[in-house]
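J.: Fold the following for me, if possible:
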Amino acid sequence: MSITILAIESSCDDTSAAIIRDGVVLSNCVANQDAHAQYGGVVPEVASRAHQVNIVPVVDLALKKAGVNKEQITAVGFTRGPGLLGSLIVGTSFAKSFALALGLPLVEVNHMHAHVLAHFAEDPKPKFPFLCLTVSGGHTQIVLVRDFMTMEVIGHTMDDAAGEAFDKSGKLMGLGYPAGPMVDKLAQKGTARFSFPEPSMEGLNFSFSGLKTAILYFLKKQTAQNEHFIEENICDICASIQDTIVAILLKKLRKAARETGINEIAIAGGVSANSGLRKAFLELGEKEKWTTYIPAFQFCTDNAGMIGVTAYYKYLAGVFCEQDAAPFAR
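T.: Just a heads-up that it's a prediction; the model follows:
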């Protein structure tokens, strides 16, 4: 008998629903929230209210695109955390209500676990064990993945995430929200000719707070000498920032691969959509003799497809949750 899962993702500002049948993503629908652009960042209260508006239409669309009706659903998977608490409450409440109404089992999913297993939404799939550099606006981790249910974080950021470094740097230059993708777009037209310090961190951990501060002082110093410095050099500044962040990430990933002896290497998370990271990762993989994996763009950012894939493997393992499951922000 087929296993058909309705998956819900609402950890931040994207409302997403997907239908997964026997591990195959049949539909993966996302409603973005434009309201945050005027604030230059995600406003939690605005996000949770928008989720309330979007969730029913998005679920309906996912069912229709997959050609599935609610009576065919086997289980409901949902993001329990981490994320914005108000946003998570909307998705969790909908998933629990849907499951309760139809007498379906619930599968709670850790958002970061799902980013790793996004690689199993399509071929080629990594072989166990593999390393996954998971990079987003809120997280930066190197994860040792032994199987679908067994993962160990062997390196993580001690302060800010790489995605936050992209976004905050872009904001300092007056770029709109979200600034990270704009930095990437401008970097493709520039040359990395400005130098920024790389943090000195022991082991496999990361730090990006010092880099953000260095970029702030660099821009202040240059604009004091030439008020048009940023607009005249924006592409080269973006290329230099991106080159530095990518170098920091890949230096630690290479160290992790050499220390563990693992050559199956993946990247995941919203920042894995960054063109500079993707290109440098593939080049490093070729040099280091790695077998490399990058998710399709639709599975890089927050999406219910990866939640559903994770829920599918948890369903096979018999790992369910009860109706009293509460969302967690961290």
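J.: residue boundaries of the helices in the stretch 1-150 of the chain?
T.: Taking DSSP state H, counting those that start in this stretch as the test, the helices found in the stretch 1-150 of the chain are 44-66, 85-102, 111-117.
J.: Oh, that last question was meant for the stretch 201-330 of the chain, not what I typed.
T.: 209-225, 229-260, 275-288, 304-316.
J.: Ok, which of those helices comes nearest residue 100?
T.: Among those, helix 304-316 comes nearest to residue 100, with 16.8 Å by Cβ to Cβ. In this view, the C-beta of every residue, glycine as well, is placed from N, C-alpha and C.
J.: So which of the helices of the stretch 201-330 of the chain is the most surrounded?
T.: helix 304-316 (a mean of 28; mean count of other Cβ atoms under 10 Å).
J.: I'd like the helices of the stretch 1-150 of the chain written out as TSV, with distance to residue 152, mean neighbour count and mean pLDDT added.
T.: As requested, these are exported to TSV (distance: least, Cβ to Cβ, whole Å; neighbours: other Cβ atoms under 10 Å; pLDDT from 0 to 100):
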stretch	distance to residue 152	mean neighbour count	mean pLDDT
helix 44-66	31	18	94
helix 85-102	24	20	97
helix 111-117	11	25	96
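J.: Adding distance to residue 171, write those helices out as a markdown table.
T.: What follows is the helices of the stretch 1-150 of the chain, written out as a markdown table (distance: least, Cβ to Cβ, whole Å):
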| stretch | distance to residue 171 |
| --- | --- |
| helix 44-66 | 18 |
| helix 85-102 | 21 |
| helix 111-117 | 24 |
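J.: one step back: right, and the helices of the stretch 201-330 of the chain - which one's nearest residue 44?
T.: Of all the helices of the stretch 201-330 of the chain, it is helix 304-316 that lies closest to residue 44, at 20.1 Å by Cβ to Cβ.
J.: closest to residue 123 out of the helices of the stretch 201-330 of the chain?
T.: Of those, nearest to residue 123 by Cβ to Cβ is helix 304-316, at 12.7 Å.
J.: Could you export the closest one as CSV, CA atoms only?
T.: C-alpha atoms of helix 304-316 as CSV (Å, rounded to 0.1, in the frame of the first residue of the first chain):
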residue,chain,number,x,y,z
ALA,A,304,7.5,21.4,2.5
GLY,A,305,9.0,18.9,0.1
MET,A,306,12.0,18.3,2.3
ILE,A,307,9.7,18.1,5.3
GLY,A,308,7.6,15.4,3.6
VAL,A,309,10.7,13.4,2.6
THR,A,310,11.9,13.4,6.2
ALA,A,311,8.4,12.5,7.5
TYR,A,312,8.3,9.6,5.0
TYR,A,313,11.5,8.1,6.4
LYS,A,314,10.4,8.7,10.0
TYR,A,315,7.1,7.0,9.1
LEU,A,316,9.0,3.9,7.8
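J.: Show me what it is packed up against.
T.: Packing contacts for helix 304-316, counted by 3 or more Cβ pairs under 8 Å, 6 or more residues apart in numbering; DSSP states H and E, involve strand 4-9, strand 15-21, strand 24-31, strand 75-81, strand 106-110, helix 111-117.
J.: Now render those as JSON lines, adding distance to residue 273.
T.: Shown next, in JSON lines, are the helices and strands packed on helix 304-316 (distance: least, Cβ to Cβ, whole Å):
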{"stretch": "strand 4-9", "distance to residue 273": "16"}
{"stretch": "strand 15-21", "distance to residue 273": "15"}
{"stretch": "strand 24-31", "distance to residue 273": "13"}
{"stretch": "strand 75-81", "distance to residue 273": "19"}
{"stretch": "strand 106-110", "distance to residue 273": "21"}
{"stretch": "helix 111-117", "distance to residue 273": "12"}
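J.: Give me the distance between the residue of the chain positioned farthest from its centre and residue 232.
T.: For the chain, the largest distance from the centre (Cα atoms, centre = their mean) belongs to residue 225, which lies 38.1 Å off. Between residue 225 and residue 232 the computed distance is 12 Å (Cβ to Cβ, to the nearest Å).
J.: pLDDT weak spots in the protein?
T.: Within the chain, the stretches with pLDDT under 70 are 35-40.
J.: How is it divided into domains?
T.: Annotated domains of the chain cover 4-116+300-316, 123-295 [automatic domain parsing].
J.: Is it possible to get CSV of the ones you listed that adds distance to residue 329?
T.: Below are these laid out as CSV (distance: least, Cβ to Cβ, whole Å):
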stretch, distance to residue 329
domain 4-116+300-316, 4
domain 123-295, 10
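J.: Of those domains, give the one that comes closest to residue 330.
T.: domain 4-116+300-316 (5.0 Å).
J.: The closest one: end-to-end distance?
T.: Domain 4-116+300-316 has an end-to-end distance of 12 Å (Cα to Cα, to the nearest Å).
J.: just how off-centre is it within its chain?
T.: 14 Å (Cα atoms, centre = their mean, to the nearest Å).
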